[in-house]
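**Student:** Pasting the sequence and the predicted model now:
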Amino acid sequence: MTTIPDDQLHSHSDRLAGRVVLITGGGAGIGRETALQCAKYKAKLVLGDINESTAQSVAAEIKRAGGEAIGLRCNVTSWDDQVNLFQTAFDTFGAVDVVVANAGVNEIGDYFTPIVKNGKPEKPTMATVDINLLGSIYTAHLAIHFLELERKPGDTLKSIVLLGSMASWQASAQGPMYSATKSGVLALARSLAYRLAQKNVRVAVVHPFFTETALLSIENKVMVAGIPLVPIERVGGAIILAATDRNMSSTGAAWLLPDGGPLLRLEKEVVRGGVYDIIANRNRRHGT
């Protein structure tokens, strides 16, 4: 595990100049912060958000500062919305270079309290799964296509960054569906990294602990009382570093923000023995 101090978060951010960065959930919180940091390095921003007005507001803020940005409505659970977001990015700026699958929600509904009608349990709400996991799968799938469109020979900045959580590693007793989705996002990133490395496309998954955003509910605040929250500026910097790192050996790595301390990069851990070695070796062959 490698510790990365704050003054190194933008070590490679100069690579963003003139590049097209697409961010889902870009109208608020971590998405907004990441967009504003990218804009400082002259990236062109495409921001999708379920709340179109917030996406457009962030885009307007970037344009007032002399940057280039557009904001669109995008419900990440809608395949058509996501296709429109990517296609608009490409039609407007001629490329897609960095994709950040940021849109996400906390646990929606009470999984532990089934709703019973006429003596039969109702299906639980799947909104958390649809937004956090299905939405990320859609975003990554579209990124595989659009990152390659009109790609110039030798172009080495093509990246997909997924948003995990500390719950990817330490499940939350209050959020079984949230924990399941964030574990799924981690597995998705690891799987993508094998195959996309051969295309020189970086894949990363960033795992922030709670930050002071709208997702931090009263219940969450009670649960984490006394634990330092992660500064949102550090989360944005971690996303940018994960996307722009020049060293492809870090593709597939997890970037952890476990508390108020510095960013940690967890190189791909390896479980040894039996079928684990067999499958790992086969995965490596598929990725080369």
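**Tutor:** Ah, there it is. Residues are numbered from 1 along each chain as shown.

**Student:** how about the helices of the stretch 151-288 of the chain, start to end?
**Tutor:** With helices called from DSSP state H, counting those that start in this stretch, the stretch 151-288 of the chain shows them at 176-196, 218-223, 232-244, 274-286.

**Student:** looking at those, which has the lowest confidence?
**Tutor:** Of all the helices of the stretch 151-288 of the chain, the minimum mean pLDDT falls on helix 218-223 (a mean of 55).

**Student:** mind checking how far the closest residue to P114 other than its chain neighbours is from T113?
**Tutor:** With sequence-adjacent residues excluded and distances taken as Cβ to Cβ, 6 or more residues apart in numbering, P114 is closest to P121, at 4.4 Å. Where C-beta positions appear, they are placed from N, C-alpha and C, glycine not excepted. Distance check for P121 against T113: by Cβ to Cβ, to the nearest Å, it reads 10 Å.

**Student:** Next, the contact list for the nearest residue to G175 once chain neighbours are set aside, please.
**Tutor:** The shortest distance from G175 to any non-neighbouring residue, by Cβ to Cβ, 6+ apart, is to E107 (3.7 Å). Counting by Cβ atoms under 8 Å, 6 or more residues apart in numbering, E107 touches 128, 172, 174-178.

**Student:** Let me know the closest of these to N51.
**Tutor:** T128 (18.1 Å; Cβ to Cβ).

**Student:** before we move on, what SS does L149 have?
**Tutor:** Using DSSP: H, G, I helix; E, B strand; the rest coil, the secondary structure recorded for L149 is coil.

**Student:** quick one: it and V96 touch, right?
**Tutor:** Yes - checked against Cβ atoms under 8 Å, the pair L149 and V96 is within contact range at 7.2 Å.

**Student:** Quick check on those two: which one has the bigger neighbour count.
**Tutor:** Set L149 next to V96 and count neighbours by other Cβ atoms under 10 Å: V96 wins out with 26 against 11.

**Student:** how many neighbours does the closest residue to that one other than its chain neighbours have?
**Tutor:** Nearest-residue entry for V96: F146, 4.2 Å, with adjacent residues in sequence omitted and distances by Cβ to Cβ, 6+ apart. When counting by other Cβ under 10 Å, one arrives at 22 neighbours for F146.

**Student:** thought F146 was touching F90?
**Tutor:** Yes - look at F146 against F90 with Cβ under 8 Å: they come within range, at 5.9 Å.

**Student:** any common contacting residues for those two?
**Tutor:** Between them, F146 and F90 have V96 as joint contacts when contacts are counted by Cβ under 8 Å, 6+ apart.
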